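Chemist: quick one, structure for this:
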Amino acid sequence: MPGSIPAFDISSQQPVALGPRASASRAGLLRILRSGAGRVGIVLTCGLLAVALLAGRIAPSDPFTSVGPPLSSPTLAHPMGTDDLGRDLLSGVAHGTRTSLFLALIVSLLTGSIGIVVGSLGAWQGRRVDDALVRVTEFVQVVPRFFLAVIVIALFGPGIDRLVLLLGLTSWPWIARVVRAEVLSLKQREFVEAARSLGAGQSRVLLREVLPNALPPVVVAVSLNAASVILLEAGLSFLGLGDPDVVSLGYLANNAQRFLRIAWWMAAFPGAAIALAVLGLNLLGDGLNDVLKPRGAL
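Modeler: Residues are numbered from 1 along each chain as shown. I've put the predicted structure just below:
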């Protein structure tokens, strides 16, 4: 009818370009590239990822195959030396880096998925659902992961699949808390009310409006959690609780225990790889925090 308010179809609306936010993200990216810590984090993480992806080319020999004299110091033929069984340590470090980063990636995807679902569902539904999920989160958070991992491995035997499930099912509470706090803050914002006034359903508002804005701090939390996963796997393998059929950095450190005085390279190179992986992920997390959620932003 003439003079009536035209119907609004939310599905036909083009998303509004977030100029200030995009500009802030670009400025944050420039900051991380100009920051020494940010550059170091990117270089270390990308370098270790390259080693993991190209492990077969960097060190084509099988890390479990003897290729030289035992306990040989670093030479041109074996840049990182050999272990007590004559196995090339460079092959072990390259394939161990692949195993550790693969484990960190899979666990991070699992923990991120669980944390996002639990945190967003509790904050969005509120009341009893939120109270119940908060209690579950607190219960899982107080469970000592390391000792639980020791018990599970002792009962069911070592294995990468068991370790992935165990770490994935016990490492999500921190991420859930971050998501919950972000969703609680965003659900009262004006753009959420605007989406509802245009007829968007609850699920659409949560998935299309709230979660995309809540994900930046989650990315930071996941990157920092990946570093703790590498340390936890290295600690378990160092105690002999890792998978003996899979080479990891902790497995190499465990083998080096008996030869610390006569073969320093067996512990030095795997230990340096663990330190660089953890340092790179932590610095990358700090850099992502500057890029995705710049300090001083409202």
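Chemist: what sits closest to the residue nearest the centre of the chain if chain neighbours are left out?
Modeler: Per Cα atoms, centre = their mean, the C-alpha nearest to the average position across the chain is that of residue 226, at 3.1 Å. Excluding its sequence neighbours, the residue lying closest to residue 226 (Cβ to Cβ, 6 or more residues apart in numbering) is residue 104, at 4.1 Å. The way it works is simple: take the backbone N, C-alpha and C, and place the C-beta from them, glycine included.
Chemist: what sits against the one you found?
Modeler: Residue 104 makes contacts with 226, 227, 229, 230, 233, 281, as judged by Cβ atoms under 8 Å, 6 or more residues apart in numbering.
Chemist: helices - which of those residues land there?
Modeler: 226, 227, 229, 230, 233, 281 (DSSP state H).
Chemist: does the first one touch residue 105 like I think?
Modeler: If I follow you right, that is residue 226. Yes. Residue 226 is in contact with residue 105 according to Cβ atoms under 8 Å; the separation is 7.2 Å.
Chemist: where exactly do the strands run in the stretch 1-150 of the chain?
Modeler: Secondary structure of the stretch 1-150 of the chain (DSSP state E, counting those that start in this stretch): no strands present.
Chemist: distance of residue 187 relative to residue 216?
Modeler: Distance from residue 187 to residue 216, counting by Cβ to Cβ, to the nearest Å: 17 Å.
Chemist: can you tell me which residues contact residue 126?
Modeler: When contacts are counted by Cβ under 8 Å, 6+ apart, residue 126 is found next to no other residue.
Chemist: swap that for residue 273, please
Modeler: 48, 93, 96, 97, 249.
Chemist: right, and residue 256 touches residue 263 too?
Modeler: Yes. Residue 256 is in contact with residue 263 according to Cβ under 8 Å; the separation is 7.1 Å.
Chemist: now the common contact residues for the two.
Modeler: With Cβ under 8 Å, 6+ apart as the test, residue 256 and residue 263 both reach residue 83.
Chemist: about what we covered before: list only buried entries from the ones in helices among the contacts of residue 104.
Modeler: For the ones in helices among the contacts of residue 104, a burial check counting by 16 or more other Cβ atoms under 10 Å picks out 226, 227, 229, 230, 233, 281.
Chemist: so where's this protein uncertain?
Modeler: Judged by pLDDT under 70, the chain has its weakly predicted residues at 1-37, 290-298.
Chemist: that one: helices as residue ranges?
Modeler: Ranges of helices in the chain, per DSSP H, are 19-34, 36-53, 55-58, 89-125, 127-141, 145-156, 160-170, 173-186, 190-197, 202-204, 211-238, 249-255, 265-292.
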